[in-house]
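> Need a 3D model of the following:
(one chain, ligands or ions: 2)
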Amino acid sequence: MSSAADQPHHSGALPPGQHWRDEPEIMHYGPVPPLRPDRWTFVLGGATADGLEHTFEWADLAALPRQDLVADMHCATRWSAAGLHWAGPRALDVIALAPPAPEVASVLVFAEYGYAANVPLADLRRPTTLLATTLDGVPLTPERGAPMRLVIPHLYTWKGPKWVRGWNYLGAEDTDLGFWEQRGYHRRGHAWQEQRYDYQGEHP
Ligand SMILES: Nc1nc2c(c(=O)[nH]1)N[C@H]1C(S)=C(S)[C@@H](COP(=O)(O)O)O[C@H]1N2
Ligand SMILES: [Mo]
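Numbers count the residues shown, from 1 in each chain. Ligands and ions are numbered 1, 2, ... in the order given. As a prediction, this is how the structure comes out:
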C-alpha cells in the first residue's frame, strides 16, 4: 500500500471526512485586498542562510520557470473541489533565491492583512507546491488571491494563503503560529491524514 503522502494530486479520490462540491467556495477571513502592483514585494526573512531579509519584486518571481498543476482542493470545513488548473513558479525555486539556515524545519507563510499559515519546509519544497498566478489559464481574480497564492495540494487549503507576500523561516526556537494554527488547527494539516486540529497527532 502506498503511504498517504504519496497520494496523486488529482486522483478522483476524496480524503477522509470530505465531500465534493462543484466549485470551490470563495472563502477567506477579512476583506479582499486591492491590487497594488507598484507596491507589491515578496519577502523571505527569518532564519535565512545568510541571516538577511531578502525582498523580491514581481519581475524577479515572474522570471522563474512556470509550472502547471492540476490539483484538487480540500478545505478543512469538509468540502473538496476537483481538478483546479493552476500555474506559477514552484516554491522550491523561490526557496533557492534565499535559502534557509540548516536548522529550519518550517516556515510561517504570510499574506496581506496579517493572514499567515505554518507550513513544514518539506511540504513547501515539494515539486507540486506552487506560487500560483493563474487559475484555469487566466490571472487570479482578486477574490481568488491576485496576484499570487500558495497552492499545496496535499495539505488543507488554509495552508495556501491567497495574496501571499512571503514567508519567514522558523528557527528551532521560533514558535510563531499562523491564523488558524493560533485557533487550534493543525501545524501540518495533511488532508489525507485528516490533520484538521492540533490535538490530532504529532507535529512534524
Ligand atoms: N489570505 C488568505 N488566504 C486564505 C484564506 C484566508 O482567510 N486569507 N483562507 C484559506 C481557506 S480556509 C481556504 S478554504 C481557501 C479558499 O480559497 P478560495 O476562496 O479560492 O476557494 O483560501 C485559503 N487562503
Ligand atoms: Mo478552508
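> Do a quick rundown of the helices in the chain.
Secondary structure of the chain (DSSP state H): helices located at 58-62, 91-97, 121-124.
> can those go into JSON lines with extra columns for distance to residue 159 and mean pLDDT?
(Each C-beta comes from the backbone N, C-alpha and C, glycine too.) JSON lines is the format used below for the helices of the chain (distance: least, CB to CB, whole Å; pLDDT from 0 to 100):
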{"stretch": "helix 58-62", "distance to residue 159": "20", "mean pLDDT": "96"}
{"stretch": "helix 91-97", "distance to residue 159": "12", "mean pLDDT": "98"}
{"stretch": "helix 121-124", "distance to residue 159": "8", "mean pLDDT": "98"}
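> can I get these in JSON lines with distance to residue 136 and mean neighbour count?
Output for the helices of the chain, formatted as JSON lines (distance: least, CB to CB, whole Å; neighbours: other CB atoms under 10 Å):
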{"stretch": "helix 58-62", "distance to residue 136": "19", "mean neighbour count": "14"}
{"stretch": "helix 91-97", "distance to residue 136": "21", "mean neighbour count": "18"}
{"stretch": "helix 121-124", "distance to residue 136": "24", "mean neighbour count": "18"}
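> okay, those in a markdown table with distance to residue 33 next?
As requested, the helices of the chain are arranged in a markdown table below (distance: least, CB to CB, whole Å):
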| stretch | distance to residue 33 |
| --- | --- |
| helix 58-62 | 15 |
| helix 91-97 | 20 |
| helix 121-124 | 22 |
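> What backbone torsions are found at the residue of the chain found nearest ligand 2?
Ranked by CB to the ion, the top residue of the chain for proximity to ligand 2 is residue 75, at 3.4 Å. Note on residue 75: backbone dihedrals following degrees, to the nearest 10 are phi -80, psi 140.
> Which residues are in contact with the residue minimising distance to the centre of the chain?
Geometric centre of the chain, nearest residue: residue 160, 3.0 Å, by CA atoms, centre = their mean. When the contact criterion is CB atoms under 8 Å, 6 or more residues apart in numbering, the partners of residue 160 are 117, 149, 150, 151, 152.
> Local confidence estimate at the closest residue in space to the last one that isn't next to it in sequence?
In space, and not counting its chain neighbours, residue 152 is closest to residue 129: 4.9 Å by CB to CB, 6 or more residues apart in numbering. In this prediction, residue 129 carries a pLDDT score of 98.
> Quick check: residue 129 touching residue 123?
Yes. Assessed by CB atoms under 8 Å, residue 129 is found in contact with residue 123 at 6.6 Å.
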